[in-house]
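Colleague: Provide a 3D model corresponding to the input given below.
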Amino acid sequence: MITLLAAVFGGLILLLISGLWIAVATGGIGITLYFINSGWSALTPISHIVWTSAENFPIATVPLFIFLGYMLMESGLAGRVYAGLEPLLNHIPGGLLHTNIVVGALFAACSGSGMASAAAIGTVALPEMEKRGYPRSLSIGSVAAGGVLAPIIPPSIMMIMYCVITGQSIGKAFIAGIFPGLGLAVLFSLYIAVVFQFYQDWAKTRGPLVPLKKSISASKEVWPIVILIFLVLGTIYLGIATPTESAAVGSVGAIVLAALHRGLNWQSLKKTTVATVTLTSVVLIIYIGTHIMSSALAMSGAIGFITQGLTSLAVPRVGVLLIVYLIFIILGLFIDTLPMMLMTVPLVFPTIVALGYDPLWFGIAVVLLTNTGNLTPPVGMILFVMQSLNRGRPVSEVYKGVIPFAVLCVVMLGIVTAFPQIALWLPTQMLGK
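Modeller: Got it, this is the predicted structure:
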């Protein structure tokens, strides 16, 4: 069995290094394992996997939430929300940097795409912060941090895919992510506030202050997003709608808001639709490829072998958990977070359950680990987005800015590990659960 696992993962590494698409690499290895074991009769389970992967009803939430996020970005609502919050948060040390975090949290709460969120915030925020003289690396780091709130604050594409492959409730997973996501946003803002306490040019970068009364009045631009958040999360929490239904309602709400703010036109709708179809296709084909590979490994007995090996280690169960964390962090350095999660979770999930950990809590831990991967070089998708907005400048600026926020993701992971009820309490209070 060890030889089989070495051949599978050694082959996977070589295929990925060669530049082959990750969906093709994982799917190809899985098909090869099936054919070695069953010959041509393997076509039946393989075709079944492909069909059930695409036909799985919860998957319908993925394109809907992606559409919602891109509609907010393309319609210009991101800029309006940013402009509405900026005068109010400018009273706090760090000013616009806090605005990046708060706007990131708001957009995360109605859309599951971190890349769309980072791109929307960065396009508006970076030119303004450069004009005011904010430290470039910290500006980039705060925008990236706002973007990585999307995978943890529901609705989250990562949470949806975790629930699809582990059979957990998407609604409960969404609600479980609220407190850890807000806690992470608070950690980000505390870090910014502490840094700016020692920044000598803070008063200069802040610029003229708008009176507090006018600042609060300007924040009215946030209310449409708050209503959208209720349509998405409030309906799930109150038991009014399923996650798929709330995603559909949220998408319609985003279209209505875009129309009311005169941001809905043929061009924005076309861009949103094309981006949604593209990203959804990528997610689905990666899911199918990794599903074939994990099913083949389960059929061969490899997953059972891994579970038995990890649970029989002469270490406390928290030691096994830390080993799993370490695997995720190392893989996150070299593999994009979604395929990394889809490949790794089926292998370690049985072990986590066998050790007595709550599957819902582990989903939050996994998403926090993928957040770390999003912010760590060399392969972090948020890093690529930030560098695309930082053209003509060294990539070291991006790395320098995001690393402290990656460390804070690990800190939040430690807090949730030590106090799992941070994630588990709220789902128990859901109506209609």
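
Colleague: going by C-alpha atoms from here, please, whenever you check contacts or count neighbours.
Modeller: Fine.

Colleague: quick one: contacts of the helix or strand where residue 3 lies?
Modeller: Per DSSP states H and E, residue 3 falls inside helix 2-17. Residues outside helix 2-17 that contact it (CA atoms under 8 Å, 6 or more residues apart in numbering): 22, 25, 26, 29, 302.

Colleague: so what's the first one up against?
Modeller: In other words, residue 22. Applying CA under 8 Å, 6+ apart to residue 22 gives the contacts 16, 286, 289, 339.

Colleague: for the spatially most central residue of the chain, phi and psi?
Modeller: By CA atoms, centre = their mean, the chain has its centre lying nearest to residue 151, at 2.2 Å. Backbone torsions for residue 151, taken as degrees, to the nearest 10, come to phi -70, psi -20.

Colleague: go ahead and confirm it touches residue 367.
Modeller: Yes - Residue 151 is within contact range of residue 367, at 6.5 Å (criterion: CA atoms under 8 Å).

Colleague: what do those two both touch?
Modeller: Contacts common to residue 151 and residue 367, judged by CA under 8 Å, 6+ apart, are 158, 159.

Colleague: flag the shaky bits of the protein, pLDDT-wise.
Modeller: Along the chain, segments meeting pLDDT under 70 span 1, 111-113, 199-210, 212, 218, 379, 392, 430-433.

Colleague: longest helix anywhere in it?
Modeller: Scanning the chain for the helix with the most residues, using DSSP state H, yields helix 266-300.

Colleague: which of the residues in that helix are buried?
Modeller: 268-269, 272-273, 275-276, 280, 283-297, 300 (16 or more other CA atoms under 10 Å).

Colleague: same thing with stretch 178-192?
Modeller: Under the neighbour-count rule (16+ other CA under 10 Å), stretch 178-192 has 178, 179, 180, 181, 182, 183, 184, 185, 187, 188, 189, 192 buried.

Colleague: I'd like the distance between the fifth one and residue 163.
Modeller: So that's residue 182. According to CA to CA, to the nearest Å, residue 182 and residue 163 sit 21 Å apart.

Colleague: what's the answer for residue 21, then?
Modeller: 24 Å.

Colleague: the two: which is more packed in?
Modeller: residue 163 (20 against 13; other CA atoms under 10 Å).

Colleague: relative to residue 261, how far out is that one?
Modeller: 35 Å.

Colleague: where's residue 320, which helix or strand?
Modeller: helix 317-334.

Colleague: helices of the stretch 301-433 of the chain, residue ranges please.
Modeller: Using DSSP state H, counting those that start in this stretch, the helices found in the stretch 301-433 of the chain span residues 302-311, 317-334, 337-354, 359-375, 381-388, 395-418, 421-428.

Colleague: out of the ones you listed, which is closest to residue 117?
Modeller: The minimum distance between residue 117 and the helices of the stretch 301-433 of the chain falls on helix 381-388, with 9.7 Å, by CA to CA.

Colleague: who are the packing partners of that closest one?
Modeller: Contacts defined by 3 or more CA pairs under 8 Å, 6 or more residues apart in numbering; DSSP states H and E place helix 381-388 against helix 114-132, helix 136-148, helix 359-375, helix 395-418.

Colleague: quick check: residue 109 touching residue 154?
Modeller: Yes - contact criterion CA under 8 Å: residue 109 and residue 154 qualify, at 5.4 Å.

Colleague: could you tell me which residues touch both of these two?
Modeller: By CA under 8 Å, 6+ apart, the residues touching both residue 109 and residue 154 are residue 233.

Colleague: picking that back up, adding distance to residue 215, write the contacts of residue 22 out as JSON lines.
Modeller: JSON lines is the format used below for these (distance: CA to CA, whole Å):
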{"residue": "16", "distance to residue 215": "51"}
{"residue": "286", "distance to residue 215": "45"}
{"residue": "289", "distance to residue 215": "50"}
{"residue": "339", "distance to residue 215": "43"}
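
Colleague: for these, which one is nearest residue 400?
Modeller: Nearest to residue 400 among the contacts of residue 22, with distances taken as CA to CA, is residue 339, at 25.7 Å.

Colleague: number of residues surrounding that closest one?
Modeller: Based on other CA under 10 Å, the number of other residues close to residue 339 is 18.

Colleague: for it, which residues are in contact?
Modeller: Residues counted as contacts of residue 339 (CA under 8 Å, 6+ apart) are 22, 286, 287, 290.

Colleague: distance of it from residue 416?
Modeller: 24 Å.

Colleague: tell me the contacts of the spatially closest residue to residue 420 that is not a sequence neighbour?
Modeller: Setting aside the residues directly before and after it, residue 420 is nearest to residue 361 in space (CA to CA, 6 or more residues apart in numbering), at 6.6 Å. By CA under 8 Å, 6+ apart, residue 361 lies in contact with 176, 420, 423, 424.

Colleague: cool, residue 117 as well?
Modeller: 69, 73, 104, 107, 108, 146, 147, 150.

Colleague: what's the burial count for residue 396?
Modeller: 10.

Colleague: ok, now residue 6?
Modeller: 11.
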